[in-house]
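Student: Sequence and computational prediction follow.
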Amino acid sequence: MSINPSKLFSVESQESAVLTFEQWKNDSLRVILRVAAVLFLITISIAYITYPPTASILNFGLILVIAVISFVPLPYSIRAFIFVLICFLAGTNLVRIWGYQGESAVFFLATIALTALLYERGEEFIVLFLAAVTISVVAYLTLTGQHTLTGWIGYDDLFYSNAVGTWVNWLIYDMDLVALGLILIASIRLLKTRFNKILAEARISMEELDASRSQMETRVNERTVELNVANEQLSRRATQLKTITELSESIAQLKDLNEIFPTTTNLICERFGFYHVGIFLVDKDREFAVLQAANSEGGKRMLQRSHRLNLGTGVVGVCAQTGLPRIALDVGEDAVFFNNRDLPNTRSEAALPLKSRGETIGVLDVQSTEAGAFSAEDLEVLTALANQVSISLENARLLAEARAAYRQVQEVYNEFTRSEWSRSISQIEQSGFRYQTGRIEIVENTLQNPEILSAAKNGEVAASQINGSEEKHAAVAVPVKLRGEVIGILHIESADPLKEWQDDEVSLVQAVAERAAFAMENARLFQDARRRAAKERLISEATARISSAFNVENILQTTAEELERVLGGSEISIQFQSKE
């Protein structure tokens with residue numbers, strides 16, 4: 001499964017992740033315009049009755065302009081300038097209509113605040129100055145009678161005079177506007193400073209985060225490459241180990257050394273795809289490493305001429321001598337390479353020792369046509385494979401030795417069985433027994449029937465041939481065998497001359513013969529045991545009597561008496577050996 005590290009640590013760029021002050025101003029202006037359009041519409045609609053017609057038309061026109069610049073996509077500078085201008089004109093219109101008692105100060109202060117928020121070069125001071133000048137001009141024109149406050153028309157002269165006020169009233173109104181404007185400007189500038197500082201810190205944090213993200217992506221990419229390499233190595237190792245396991249199972253099933261050698265080389269070559277695989281064994285004198293099996297054509301030619309290497313010669317000889325793995329990554333330049341004309345395409349060679357009980361008994365030789373084909377990991381895998389081959393060879397050798405020892409023991413035991421039964425038979429007066437018509441008879445003479453002679457000689461069941469003669473009965477002879485040795489014959493004759501012996505009948509007789517053989521062997525062993533026990537008892541009694549004597553004469557007399565008692569009727573003489 002492929003991994004895309006950029007998706008794990010996906011972070012937006014600094015411009016989109018951090019809200020810049022310009023973006024904030026643009027978004028704020030859009031919201032302010034829309035809110036102002038709604039509020040102006042509501043306010044003017046309520047005050048429509050009190051405003052003069054000309055003022056109402058002007059106000060509705062301003063609202064229409066605000067609505068247009070709120071929804072029509074215009075550049076920020078044009079939209080901000082128009083909105084500030086509208087607010088300023090609204091304040092100018094109010095001071096022109098109502099004088100210092102109207103809401104002009106609210107619009108002038110709003111204009112100053114908007115200018116301070118929307119501009120960066122001190123334009124709010126210009127607006128404050130123009131607002132103060134505008135109030136001063138309206139005050140001058142009104143107080144000198146050159147301008148009439150149209151909002152107060154219809155009232156009496158005294159009320160109008162009070163509404164117009166004096167220079168002091170207008171001055172205080174103007175000074176209050178300037179003071180509030182300066183406070184508002186200072187507050188907004190402080191707010192902007194703090195806001196810009198926060199944005200700068202956020203920008204620095206984003207830059208650090210972006211740098212961390214880049215570093216993290218780099219590290220993740222590196223780890224991903226390493227992980228992919230590790231996965232490939234693990235997959236390759238797992239495949240190799242699986243192959244070794246399969247090879248071990250296949251080799252373990254072989255029990256004969258003549259089968260293990262060629263099968264092992266062929267399986268290794270087939271599974272790993274090597275150019276040449278050979279198995280060498282060290283001779284008894286530990287002078288040569290002799291090739292035992294090979295899969296390649298060149299290796300087979302080497303086998304035909306009984307190829308061998310002196311220990312310490314070539315890659316294989318050095319491995320056999322030191323008992324350590326030997327690798328030649330480029331045999332053309334390797335100092336220990338033994339140039340072999342039968343394997344001219346070899347470019348890399350690995351020799352792995354085959355050890356048994358800590359001693360090097362041979363070498364597993366692997367060759368490749370690629371230069372530098374064997375790595376350290378390949379060496380570990382091939383070493384494990386060589387160990388499995390060593391175990392299989394040792395198991396096969398031990399099995400062969402065990403089989404040979406078993407055959408020897410079996411031969412000795414069979415010989416012992418033959419001699420013991422020969423001695424037992426010679427001591428038995430009867431040569432056999434016959435069961436006939438409900439009675440048991442002793443066989444005085446040895447039977448010489450053809451089937452009996454055949455069964456005794458071959459150790460196999462023998463039956464007489466049916467010739468239809470009434471004088472000759474159908475018979476079968478079954479050997480009575482004890483551990484493969486024939487100790488007797490079970491001979492059965494049928495009253496029916498035409499009888500054909502069935503397999504189940506012969507099997508039944510064989511089973512009886514087998515049980516009879518074990519029973520007779522147990523009886524013979526029991527008799528031997530009794531005879532030995534009696535002998536040991538007599539020896540023990542004689543030894544006890546001899547040991548009870550306290551002088552030489554008594555000892556000699558007791559010894560002679562005990563021997564005469566044991567041997568019965570024998571003349572016993574005991575004589576001392578003279579020094580001369």
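Tutor: Noted; the coordinates are in hand. Numbers count the residues shown, from 1 in each chain.
Student: Going by neighbour count, list what's buried in stretch 181-189.
Tutor: Using 16 or more other CB atoms under 10 Å as the test for burial, stretch 181-189 gives G181, L184, I185, I188. Any C-beta I mention is one placed from the backbone N, CA and C, and that applies to glycine too.
Student: Tabulate those residues (CSV), appending pLDDT.
Tutor: Formatted as CSV, the buried residues of stretch 181-189 follow (pLDDT from 0 to 100):
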residue, pLDDT
G181, 90
L184, 89
I185, 89
I188, 85
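Student: Kindly reformat those residues as CSV and extend each row with secondary structure and distance to P450.
Tutor: CSV is the format used below for these (DSSP: H, G, I helix; E, B strand; the rest coil; distance: CB to CB, whole Å):
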residue, secondary structure, distance to P450
G181, helix, 148
L184, helix, 143
I185, helix, 143
I188, helix, 138
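Student: for the residues you listed, which one is nearest A542?
Tutor: Distances from A542 to the buried residues of stretch 181-189, taken as CB to CB, are shortest for I188 (137.4 Å).
Student: wait, doesn't that closest one sit right on L114?
Tutor: No: contact between I188 and L114 fails when scored by CB atoms under 8 Å: they sit 9.5 Å apart.
Student: Secondary structure element holding the residue nearest the centre of the chain?
Tutor: Centroid check for the chain by CA atoms, centre = their mean gives L234 as the closest residue, at 6.9 Å. Taking DSSP states H and E as the criterion, L234 maps to helix 167-252.
Student: And the very next helix or strand once past that helix, what's buried?
Tutor: For helix 167-252, the succeeding helix or strand toward the C-terminus, using DSSP H and E, is helix 257-272. Applying a neighbour-count criterion of 16+ other CB under 10 Å, one finds L257, I260, F261, P262, T263, T264, T265, L267, I268, C269, R271, F272 buried in helix 257-272.
Student: Name the nearest of those relative to A320.
Tutor: Of all the buried residues of helix 257-272, A320 sits closest to F261, with 16.2 Å by CB to CB.
Student: For that closest one, which non-adjacent residue is spatially closest?
Tutor: A293 (3.4 Å; CB to CB, 6 or more residues apart in numbering).
Student: The strand or helix carrying the one you found pairs with which strands, and in what direction?
Tutor: Element membership for A293, per DSSP H and E: strand 288-294. Using DSSP bridges, strand 288-294 pairs in its sheet with strand 276-282 (antiparallel), strand 308-310 (antiparallel).
Student: So which of these is nearest G484?
Tutor: For the strands paired with strand 288-294, the distance to G484 is smallest for strand 276-282, at 35.0 Å, taking CB to CB.
Student: any idea of the mean pLDDT for that closest one?
Tutor: Averaging pLDDT along strand 276-282 gives 89.
Student: Can you tell me what sits against it?
Tutor: Contact with strand 276-282 is made by 261, 264-266, 268-269, 288-296, 298-299, 302, 308-309, 311, 316, 320, 343, 346, 354, 360-367, 389, as judged by CB atoms under 8 Å, 6 or more residues apart in numbering.
Student: Show me which of the residues you listed are buried.
Tutor: Among the contacts of strand 276-282, those classed as buried by 16+ other CB under 10 Å are 261, 264-265, 268-269, 288-296, 298-299, 302, 308-309, 311, 316, 320, 343, 346, 354, 360-367, 389.
Student: quick one: what helix or strand has the nearest residue to V138 once chain neighbours are set aside in it?
Tutor: With sequence-adjacent residues excluded and distances taken as CB to CB, 6+ apart, V138 is closest to V95, at 5.2 Å. In the assignment (DSSP H and E), V95 maps to helix 76-98.
Student: Distance from that helix to the middle of the chain?
Tutor: Between the mean C-alpha location of helix 76-98 and the chain-wide mean there is a distance of 76 Å, by CA atoms, centre = their mean, to the nearest Å.
Student: now stretch 476-484
Tutor: Stretch 476-484 sits 61 Å away from the centroid of its parent chain (CA atoms, centre = their mean).
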